[in-house]
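> this one's structure only:
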C-alpha cells in the first residue's frame, strides 16, 4: 500500500502545482490587463520633442530648406497645426520679430511636406520638410546691428490631445556676413530638442550649448 499512497501523493502534489501555476498566470494576466487599461484610458502622457536636423541655404538661388523631426513620446496623438521657416527682422515695427517665409521655391514644391495640419501618432515620429524662397539680398538686409548676423528660425503651432495650443519660435541657423556685407556661410544656432507643448519665443542668437547629437547640419553658399 505504501507505493500506491506515495504515487497518489505525488499526483496530488503535481495537480496542486499545476493549479497554483494556473492561478499565478491568471493573476499576472489580470494585472497586465489592468495596467494596459490604465495606460490606455486613464494615464496620460503628453510629450512632443522637436529636433531640427538640417538647414540648407542655396544662397545664390535664394532657396532655403529645412528638415524637422517631431517625436511623440507620449501616449496621446499630437497635432501639428503649422510649421514654417522664418527670418529675424523688421516688418514695419520698431522691434524685430520672426517673419514667416511663405514664398515657394517652385510652384510644384509645397512649403511643407507633408501638408499642414497633420497628426503625429502616439509613439510615432513625423519628419517635416520645409522649403521657402529668400533672396540673399533680403537675408543680408535682415542683419541685426546687435549681432552682426542674419538668423533663420522655425515657427510652429501645435495642439495636444487636451486641445491646448502652443506657439514655438526659435533660431536655428546664423548667417555669417563678411566685411562687404555679403553672406559668407552659416552655422547652427540651436543644439537641443525643443518641447512642442511649451510656449517659447526665443530671439537670436539662440542657445549657447556646445555642438552635440542634437545639433543640426547647416550649410550656406557664399554670396558671389
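Looks like it arrived, so ask away. This is a predicted model, so every value here is computed, not measured. Numbering: from 1, shown residues only.

> what's the burial count for residue 145?
5 (other CB atoms under 10 Å). Bear in mind the C-beta positions are built from the backbone N, C-alpha and C, glycine included.

> Distance-wise, check it relative to residue 58.
27 Å (CB to CB, to the nearest Å).

> repeat for residue 127
20 Å.

> can you check residue 211 too?
Distance of residue 211 to residue 58, given as CB to CB: 23 Å.

> give me every residue that touches the nearest residue to residue 116 once chain neighbours are set aside.
Nearest non-adjacent residue to residue 116, counting by CB to CB, 6 or more residues apart in numbering: residue 82, 5.5 Å away. Residue 82 sits next to 116-117, 155-157 when contact means CB atoms under 8 Å, 6 or more residues apart in numbering.

> mind checking the SS state of residue 82?
For residue 82, the assignment made with DSSP: H, G, I helix; E, B strand; the rest coil gives strand.

> rewinding a little: neighbour-wise, which of residue 211 and residue 58 wins?
residue 58 (15 against 10).

> Would you check that the more buried one makes contact with residue 221?
Yes. The criterion here is CB atoms under 8 Å, and residue 58 meets it with residue 221 at 6.2 Å.

> Pick out the residue nearest the middle of this structure.
residue 50 (1.8 Å; CA atoms, centre = their mean).

> Just the element for residue 137, please.
Using DSSP states H and E, residue 137 sits within helix 136-141.

> Sounds good, over and out.
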